[in-house]
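Peer 1: Next comes the sequence, and after it the predicted model I'd like to discuss.
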Amino acid sequence: MIKERDSLIFDLDGTLWDASETVVRAFNDSIKEIGFEINLSSLEIRNFSGMKMDDIFAQHFNFIPKEKLQDFEDIYSTREKKYLNESGGRLFPNVRETLEKLSKTHRLFIVSNCLSGYIESFLDYYDLNPYFEDFECFGNGGLPKDENIRLIVERNNLQNPVYLGDTIWDKDSSEKAGVDFIYAAYGFGKIENAENQIENFDDLL
């Protein structure tokens, strides 16, 4: 007997919205503030979207001396919150309408590898708080995405959840967490031969 799906857990960047134009501005202004003239592109931001923030800083900002790295992270964190609250990001088509419909039949959650405050900025900017029961991110406890998915499942007593994401890291994390996965093929990442995938967000319906 197939259990009825009771809940959906969403990745954020590349799945619910694209905030790369806002985020790249926060990164570039933060880089400049600590004395470097290096400009990232929004494409570069989309390419490492989904990685843990400490991995992003270690792999993509290794031009920053170790003694300046913490200052950079602090400056970036402040700028990210400020810019997101001012400019937000771009919702993918039909996200709001689809979430409204899904919330009537399923419990909805978010798990992302972002900094603390990022999910709150997303929810507040588009007034989506009523649709989500809970969320978790890397910035809150420093846990990898698979552990945060498990945390959401256990904390909310979910019986048969599915995780929706757009990168191979999302797929790997959901598998490690023992949760089924749906690939958001419209997002930033590329997954070959995904068992379950959607081409548009409202395909979830």
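Peer 2: That came through fine. Numbers count the residues shown, from 1 in each chain.

Peer 1: what are the ranges of the helices in this structure?
Peer 2: 20-33, 42-48, 53-60, 66-87, 95-102, 118-125, 138-141, 145-155, 168-177 (DSSP state H).

Peer 1: what number of residues lie near the residue nearest to residue 126 when sequence neighbours are not counted?
Peer 2: Leaving aside its sequence neighbours, residue 126 sits nearest to residue 91 (CB to CB, 6 or more residues apart in numbering; 6.2 Å). Placement of C-beta: from N, CA and C, glycine included. A count of nearby residues for residue 91, using other CB atoms under 10 Å, gives 18.

Peer 1: surely residue 204 meets residue 164?
Peer 2: Yes. Counting by CB atoms under 8 Å, residue 204 touches residue 164, with 7.3 Å between them.

Peer 1: shared neighbours of these two, which are they?
Peer 2: Shared contacts of residue 204 and residue 164, defined by CB atoms under 8 Å, 6 or more residues apart in numbering, are found at 8, 182, 198.

Peer 1: List just the nearest of those residues to residue 139.
Peer 2: Nearest to residue 139 among these: residue 8, at 22.0 Å, using CB to CB.

Peer 1: Return the residues in contact with that closest one.
Peer 2: Applying CB under 8 Å, 6+ apart, the residues contacting residue 8 are 102, 106, 107, 108, 109, 161, 162, 163, 164, 204.

Peer 1: Weed out the non-buried ones from those.
Peer 2: 102, 106, 107, 108, 109, 161, 162, 163, 164, 204 (16 or more other CB atoms under 10 Å).

Peer 1: which residues touch the third one?
Peer 2: Taking CB under 8 Å, 6+ apart as the definition of contact, the neighbours of residue 107 are 6, 7, 8, 133, 156, 158.

Peer 1: can you tell which of the helices of the chain is closest to residue 191?
Peer 2: Of those, nearest to residue 191 by CB to CB is helix 168-177, at 5.5 Å.

Peer 1: ok and the closest one relative to helix 145-155, angle-wise?
Peer 2: Orientation of helix 168-177 against helix 145-155 (axes from the mean of the first three to the mean of the last three CA atoms, to 10 degrees) gives an angle of 50 degrees.
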